[in-house]
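Participant: attaching a predicted model along with its sequence, questions to come.
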Amino acid sequence: MSGPVLVTGAAGRIGTWLRGGLPEHGWAVRCLDVVPVTDVRPGEEHLVADVTDLAAMVDATQGASAVVHMAGISGESTWPAISHANIEGTYCALEAARRSGVPRVVLASSNHATGYTPRPDGGLLREVDAPPRPDTYYGVAKVTMEALGSLYADRYGLDVVCLRIGSAFAEPTTTRQLSTWLSPADAVSLVDAALKAPSPGFSVVWGVSDNTRRWWDLAAARALGYEPADDAEVYAEALIEVHGEPDLSDPEHARVGGEYTLPEFDAENFDMP
Ligand SMILES: NC(=O)c1ccc[n+]([C@@H]2O[C@H](COP(=O)([O-])OP(=O)(O)OC[C@H]3O[C@@H](n4cnc5c(N)ncnc54)[C@H](O)[C@@H]3O)[C@@H](O)[C@H]2O)c1
C-alpha cells in the first residue's frame, strides 16, 4: 500500500464515513470534493476540485495507490446535470488514473443501474443475473460507469471494482431499507475489501449489509474479502410499527430500484420544460 487513496466526493455522506474508517484499515486518504471538507482530520490531504476537470484529476491522482470515486449527483436529476457530473466525472476519474499510473479504481455504482430488475421468485439475485436495466437518468449514468470501468479494465489493465450500493444511510428509515441498507461500518469494510482484493480485474458487486431481508447475493462481494457486520433487522420492529408490514408485490419491494421505478421519477419532474 504505497501512496494515499484518492477519495472523490470526500465531503459527502459516504466519503465522510470513508475518511473516518479507511485510516483504521491502514489507508492514508487524499480527499477531493468540489466543496471543501469542513471537519479536516489529522493526516488527511485535501484538494478542492471538480471531478470533470481532467487536468485537475491528473494532478490529484499523482502518486495515489488507488482512486475511490464517490463524487457525483447522488440521485435523479436533469439529463444535462447527470451526464456532466456522473458520466463525464467517471470518465475523468478513470482516465486520470490511467494517465497517472494508478492501478486500481473503486466506483460507486448503484442498484439503480439495474433498477427495473424484478425480485426473483425465491433465492438471492446475483449481479450476473442483473444486467443493465436502469430506472432513471441517474441509473443510466451508473450503467455507463460500469461500462467505462469494464473498458479501462480490459483495455488498460486497471483493476476496477464497481459497488452497486443499496441504501447507504446511518440507519434504515423505510421497510425497503430493511433489505437494501448498507451501514456506515460495512461501507468502509466493502471499500477496504475492494482496495485489498488481490487482482480483482473487473468486478461488480452489490453493496449491502448482511440484512436478514436481503435479496441481493453477497457471494461476489464476500469473494473480494468483504465481511459485513451489520443487519438492518434490528430496526425492523420499530419500522414495521410505523409503516406496516411490507407488501412484497409493491414496486418498492418487488424491483431492485424500488421507488425510482415509479412515475414520480418521470423526466418531466426533473427536466426543464
Ligand atoms: N447514499 C446512497 O444510498 C447511495 C446509493 C447508491 C449509490 N450511491 C453513490 O455513492 C456515491 C456517494 O454517495 P453519497 O450518499 O455520499 O452522496 P453525497 O451527495 O452525500 O456526496 C457526493 C459528494 O460528491 C461531491 N460532488 C458532486 N459533484 C462533484 C463534482 N463534479 N466534483 C467533485 N465533487 C463533486 C458533492 O459535493 C458531495 O460532497 C455517489 O456516487 C452515489 O451516487 C450512494
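Facilitator: Yep, that arrived. Residues are numbered from 1 along each chain as shown.
Participant: contacts and neighbour counts: CA atoms only from here.
Facilitator: Noted.
Participant: what is the neighbour count of residue 2?
Facilitator: 10 (other Cα atoms under 10 Å).
Participant: distance-wise, check it relative to residue 58.
Facilitator: Residue 2 sits at a distance of 18 Å from residue 58 (criterion: Cα to Cα, to the nearest Å).
Participant: equivalent analysis for residue 229, please.
Facilitator: The gap separating residue 229 from residue 58 is 36 Å, by Cα to Cα.
Participant: the two - which one has more neighbours?
Facilitator: Comparing residue 229 with residue 58 by other Cα under 10 Å, the one with more neighbours is residue 58, at 20 against 12.
Participant: show me where pLDDT drops low in the protein?
Facilitator: Applying pLDDT under 70 to the chain flags the ranges 1, 272-273.
Participant: residue boundaries of the helices in it?
Facilitator: Listed from the start of the chain, the chain has helices (DSSP state H) covering 13-21, 54-61, 79-82, 89-100, 137-156, 177-180, 184-196, 219-224, 236-243, 251-254.
Participant: let me have those in TSV, extended by distance to the ligand.
Facilitator: What follows is the helices of the chain, written out as TSV (distance: least, Cα to the nearest ligand atom, whole Å):
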stretch	distance to the ligand
helix 13-21	4
helix 54-61	10
helix 79-82	9
helix 89-100	6
helix 137-156	8
helix 177-180	9
helix 184-196	10
helix 219-224	15
helix 236-243	18
helix 251-254	15
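Participant: packed most tightly, which of those would that be?
Facilitator: Ranked by mean neighbour count under mean count of other Cα atoms under 10 Å, those are led by helix 177-180, which reaches a mean of 27.
Participant: identify all contacting residues around that one.
Facilitator: 166-167, 172, 208-209, 211-215, 232-233, 235-236 (Cα atoms under 8 Å, 6 or more residues apart in numbering).
Participant: residue 229: what's it in contact with?
Facilitator: By Cα under 8 Å, 6+ apart, residue 229 lies in contact with 185-186, 209-210.
Participant: same thing with residue 139?
Facilitator: Contacts of residue 139 (Cα under 8 Å, 6+ apart): 110-115.
Participant: so how far is residue 157 from it?
Facilitator: 26 Å.
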